[in-house]
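>>> Next come a sequence and a model predicted from it.
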Amino acid sequence: ATPTALLAGTSRGSKLGILIKSAQVLEDTRHVNTIVMDKTGTVTAGQLRVVDTLAFETFSPGAVLTAAAAVESRSEHPIAAAIAAAGRAQGSLPAVTNFVSAAGGGVRGEIQDDAAAVPNARPVHVGQESYLKSEGIQLTGSQREALRQQQERGLTTIIVAIDRQPAGLICLQDTPKPEARKAIAELKELGLKPVLLTGDAAPVARAVAQQVGIDPADVFAGVSPEDKVSQIEKLQANQQGVAMVGDGVNDAAALARADLGIAMGSGTDVAMEAADMTIMRSDLHSIPTAIRLSRATLKLIK
Ligand code: ADP
Ligand code: MG
């Protein structure tokens, strides 16, 4: 290879806000034909907003939101930030002890109930259905139906359990980045097949895929951080080259495993360390730009 051309490529990249870890990375783009994208924070803005809180049984929506917000104030997930903000807007939050976070699943902790006749600590779980199930908490048929209904609206919906009983649902809205549809169309024009990979539920993922022009057959939802890696490996076994775009701690292993890992600069340091390239602007157009830049650079070498 001609190192000068490769170096020119990487320096041109940095002017475009595309940081390339080593010139070798440009070579890696040569065989990429599939581009796997994380949903939250990559395809979507990742600025979630609580739009609804529903309560089950004798719980009130206010109590559900306050309990969830208290526990989520200890987490850095974009879902947590939105729930904590909504809860704080409602009033002060109880203290939390024994906080535990399960990546790609949810969080739990104990809130101090000072209003009780005898002050006590109540367990609170906040997360997706599989996480609550792993903690031994099950939804009834009608609660699950309520969950599905919200997900079908395209809302990321989180279950809150108090005292190990399902207490309610918190529905959050996220929106695709304004340029997502156009950038994905450009990737297709470059001959790349876009795939959506997410830990969120299938109906929510399909709603986003539909808005941005990703085939519903190319949506992999409910995928845990470890399964994101095996999903990349599965695609690699079937096709030639897989690029992965992500921003979260939960994407790091998949970014490292992909033939070309691309981190969003707006994301976590862990993702950027694992990736081959970092897109400094959160603009998705940088991805087709990076692919075109690599191809143009490699052409000079041939
Ligand atoms: P993504 O693949 O969209 O980046 P994650 O792997 O981080 O999502 O999380 C997958 C799912 O796990 C979320 O959609 C949510 O249901 C649940 N989850 C993860 N972290 C939290 C949290 N801090 N609070 C509530 N739910 C969470
Ligand atoms: Mg993400």
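Perfect, I can see it now. Numbering: from 1, shown residues only. Ligands and ions are numbered 1, 2, ... in the order given.
>>> Residue 231 against residue 198, yeah?
No: if you go by CB atoms under 8 Å, residue 231 and residue 198 don't touch, sitting 10.5 Å apart. Glycine gets a C-beta too; all of them are placed from N, C-alpha and C.
>>> And the two? Which one has more around it.
Using other CB atoms under 10 Å as the criterion, residue 231 and residue 198 rank with residue 198 on top: 26 against 20.
>>> Tell me who's in contact with that one.
Contact analysis of residue 198 by CB atoms under 8 Å, 6 or more residues apart in numbering lists 38, 39, 40, 204, 205, 220, 221, 222, 223.
>>> which of the residues you listed are close to ligand 2?
Checking the contacts of residue 198 against ligand 2 by CB under 5 Å from the ion, the ones in range are 38, 40.
>>> Give me the phi and psi for whichever residue of the stretch 51-200 of the chain sits closest to ligand 1.
Closest to ligand 1 within the stretch 51-200 of the chain is residue 199: 2.5 Å, counting by CB to the nearest ligand atom. Recorded main-chain torsions at residue 199 are phi -80, psi -10, according to degrees, to the nearest 10.
>>> so where does the closest residue in space to it that isn't next to it in sequence fall, helix or strand?
Setting aside the residues directly before and after it, residue 199 is nearest to residue 104 in space (CB to CB, 6 or more residues apart in numbering), at 4.5 Å. Secondary structure assignment for residue 104, by DSSP states H and E: no helix or strand.
>>> Quick check: pLDDT value at residue 104.
Here, the pLDDT recorded for residue 104 equals 86.
>>> Same question for residue 197.
96.
>>> Domain map for this protein?
For the chain, automatic domain parsing gives the domain ranges 3-45+176-301, 49-173.
>>> Of those, which shows the lowest average pLDDT?
Among the domains of the chain, domain 3-45+176-301 scores lowest, at a mean of 91.
>>> Let me know the secondary structure of residue 37.
strand (DSSP: H, G, I helix; E, B strand; the rest coil).
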